[in-house]
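J.: here is my input; please provide its structure:
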Amino acid sequence: MTKSVCFQQLRMSIVALVIGLVLSGCSTFGSKSKQKLAYEERPAETLYNNAIRDMDTGRYDRAILFFDEVERQHPFSRWARRSMLMSAYAHYSSGDYDDAITSSERFISLHPGSDSTPYAYYLIAICHYEQIFDVGRDQGTTVLAEASLQQVVRRYPDSDYARDARLKLELTHDHLAGKEMDVGRWYLRQNHYLAAIGRFKNVVRTYETTSQVEEAMHRLVESYVSLGLIGEAKQVGSVLGYNYPAGDWYFDSYNLLSKYGVDLQVELKVKRERGYWIRLKERLF
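T.: The predicted model follows:
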């Protein structure tokens, strides 16, 4: 037998071994994802308590099996309803957000009037919220988190869940505004001033309670100045100075416009009426 033939056979043996290992791994994974407890008829409360014990010790996979077993053996019991939601919580606790969302949505569809339904909506929102990425990446998850948190607030406005959702909405909005700013600054660096203005205006108009608004106004001043629209830049700078008179971004806008003969301090002194600034802001944004 030649060396080339031996080498060819050895290579085929290695390939076959690798394929076997991969298929074996896939089979193991598949069996785990569809795993069930061996059927043994037990009271619902016993199964449920077993699941809670596993939850307490961080054995979430086993807890999920016991919760699912409650539903399988006692589908019409009150323990089954509890187990359905606790299974969703166990998925969430293990970091399996997709299954947690699916289980929560199933609970909502089967028990829309349950006292636990608000928590199911809240759990969906939290699953999306905890997957929010940094502002440099796609914000699709952030948009889902915002919609889910708003749904909690809208459906259950006086609940503890709604109070927490409102706090989390602030951070969610700040992330979305931050993404708009990130894109707007890129347009500005590329000298695409109109596109940049659209992004910065959206921050001021849509996310006016976030920490991004102050910089957005200054970037608008920069964009208008770059286009030679000194009048528009002066108006935005005036609104910036009225709302953030001690801010660093106003200081930067003040210095920038000073080079073009605009004294924002004079503008602010001339227009003291609060209603004027409200009307001006509505017109600008």
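J.: thought Tyr119 was touching Asp160?
T.: No - Tyr119 lies out of contact with Asp160 (Cβ atoms under 8 Å); the separation is 9.9 Å. For the C-beta atoms, the positions are set from N, CA and C on the backbone; glycine is no exception.
J.: who has more neighbours out of the two?
T.: Tyr119 (21 against 11; other Cβ atoms under 10 Å).
J.: the more buried one: what's it in contact with?
T.: Tyr119 is in contact with Leu85, Tyr161, counting by Cβ atoms under 8 Å, 6 or more residues apart in numbering.
J.: need the per-residue pLDDT for it.
T.: At Tyr119, the pLDDT value in this model is 96.
J.: and the one helix or strand it maps to, how far from the chain's centre?
T.: Here Tyr119, judged by DSSP states H and E, is contained in helix 117-129. Averaging C-alpha positions (Cα atoms, centre = their mean, to the nearest Å) puts helix 117-129 12 Å from its chain's average.
J.: separation between Thr142 and Ser211?
T.: As judged by Cβ to Cβ, to the nearest Å, Thr142 and Ser211 stand 16 Å apart.
J.: pick out whichever of these two has more residues nearby.
T.: Using other Cβ under 10 Å as the criterion, Thr142 and Ser211 rank with Thr142 on top: 24 against 12.
J.: and the more buried one, what is it in contact with?
T.: Counting by Cβ under 8 Å, 6+ apart, Thr142 has contacts Ile132, Phe133, Thr172, His175, Leu176, Lys179.
J.: wait, what's in contact with the second one?
T.: If I follow you right, that is Phe133. By Cβ under 8 Å, 6+ apart, the contact set of Phe133 is Gln139, Thr141, Thr142.
J.: tell me the SS of the nearest residue to the second one once chain neighbours are set aside?
T.: If the residues on either side of it in the chain are set aside, Thr141 comes closest to Gln131, at 4.6 Å by Cβ to Cβ, 6 or more residues apart in numbering. The three-state assignment at Gln131 reads coil, by DSSP: H, G, I helix; E, B strand; the rest coil.
J.: what residue ranges in the protein score low on pLDDT?
T.: Along the chain, segments meeting pLDDT under 70 span 1-41, 134-138, 270-282.
J.: now the helices for it?
T.: Taking DSSP state H as the criterion, the chain carries its helices at 3-33, 44-56, 60-73, 78-93, 97-110, 117-129, 140-155, 160-189, 193-206, 213-226, 230-243, 248-258, 264-270, 274-284.
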